[in-house]
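1. Need a 3D model of the sequence below.
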Amino acid sequence: MSNSGNVIVLSGYGLNCEEETLHAFKYVGFDGKIIHINDLINDPSDLKTAQVLAIPGGFSYGDDTGSGNAFAQKIKLAIWDELKEFASRDTLTLGICNGCQILANLGLVPAIDGNYDERKVAVTYNETARYQCRWIDLKIESTSPWLKDVSSMHIPVAHGEGRFMMSDETLLALESNGQIAAQYMKPDGSPANNEFPYNPNGAIKDIAAITDHSGKVLAIMPHPERGMFTWQRDDYMEIKDQAFRSGEKITEASDGLAIFENAAYYFGIENKKAA
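-> Modelled structure (predicted):
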């Protein structure tokens with residue numbers, strides 16, 4: 001495997017976290033570029049050589065027709081076959097916040113039994129009917145390559161429509177298949193049990209992230225790229241004070257970095273988690 005992998009980060013029509021997301025991948029050793037969705041539609045050949053596709057956060061089309069819906073429809077009408085072919089290869093796909101909503105609207109998650117053509121979940125308005133921007137805690141129980149050796153995370157959310165909803169049948173399938181990748185929890189490690197603000201949106205079963213059947217497609221509402229470094233954390237001053245009093249050095253890496261490190265590890269990129 002080469003020393004670096006090839007990442008596509010989509011942009012356009014209100015996606016606004018593409019720079020941060022690309023930085024996260026480059027930080028762990030990937031090569032990559034930001035591609036406007038129209039440019040990818042005009043020439044989808046980049047999908048044939050890419051190892052990772054990331055759809056970042058933002059507010060595509062102003063969320064006017066439901067978060068991520070218009071962007072998903074644009075993809076489905078123009079390059080759906082090419083995207084399914086990409087997902088069927090040994091690749092990784094990541095959707096963060098608005099990207100998570102787009103993946104759900106496309107049907108790339110949960111893709112139960114490998115069926116990428118059917119939308120099975122909705123990501124809709126927060127129960128508070130308010131935009132929520134806060135730090136949360138996640139319990140991770142997943143075999144996804146994105147979440148290898150990760151048991152918990154403290155990273156931020158920033159969304160107005162983050163509530164996972166689905167039928168009882170779909171929920172049972174996700175639970176049985178291990179496709180619930182992350183759930184909101186309280187700081188003490190106990191389940192959020194749909195209690196605000198620990199579950200910031202009222203998602204069923206405290207769901208914060210799901211995968212497809214293979215685990216290689218991850219749709220996550222919280223923002224790992226905004227919680228990669230200790231100095232980004234909401235509790236940084238407490239961590240800094242404790243380190244000063246104990247004479248310890250503050251580590252630079254924080255929880256969100258693990259997702260991108262794991263992608264590097266998956267493709268054997270040098271000097272990263274595998275090193």
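
2. Pull the number of nearby residues for His223.
-> Burial of His223 is recorded as 22 neighbouring residues (other C-beta atoms under 10 Å). Where C-beta positions appear, they are placed from N, C-alpha and C, glycine not excepted.

3. Repeat that for Ile239.
-> Neighbour count of Ile239, defined by other C-beta under 10 Å: 16.

4. Next: Thr49.
-> 8.

5. do the same with Val217
-> By other C-beta under 10 Å, the residues close to Val217 number 26.

6. Bridged to it, which residues?
-> Residues in a beta bridge with Val217, per DSSP bridges, are Thr93.

7. wait, doesn't it sit right on Gly99?
-> No. The pair Val217 and Gly99 fails to qualify as a contact (C-beta atoms under 8 Å) at a distance of 10.9 Å.

8. and Ser232, how many neighbours?
-> Careful, residue 232 is Gln; it's not Ser. Gln232: 15 neighbours (other C-beta under 10 Å).

9. Sorry, wrong one. I was asking about Pro191.
-> The local packing of Pro191 (other C-beta under 10 Å) involves 15 other residues.

10. Tell me where the stretch 101-250 of the chain has helices.
-> Shown for the stretch 101-250 of the chain, the helices assigned by DSSP state H, counting those that start in this stretch span residues 168-177, 236-246.

11. which of those helices sits most buried?
-> Highest mean neighbour count of the helices of the stretch 101-250 of the chain: helix 168-177, a mean of 14 (counted as mean count of other C-beta atoms under 10 Å).

12. which helices and strands does the longest helix seen in the chain pack with?
-> Counting residues, the longest helix found in the chain (DSSP state H) is helix 69-88. Helices and strands touching helix 69-88, as assessed by 3 or more C-beta pairs under 8 Å, 6 or more residues apart in numbering; DSSP states H and E, comprise helix 37-42, helix 46-49, helix 98-106.

13. please redo it, this time with the cut-off set to 10 Å
-> Packing contacts for helix 69-88, counted by 3 or more C-beta pairs under 10 Å, 6 or more residues apart in numbering; DSSP states H and E, involve strand 6-11, helix 37-42, helix 46-49, strand 52-55, strand 92-96, helix 98-106.

14. Would you indicate which residues of that helix are buried?
-> Residues 69-75, 78-80, 82-83, 86-87 are the ones in helix 69-88 that count as buried (16 or more other C-beta atoms under 10 Å).
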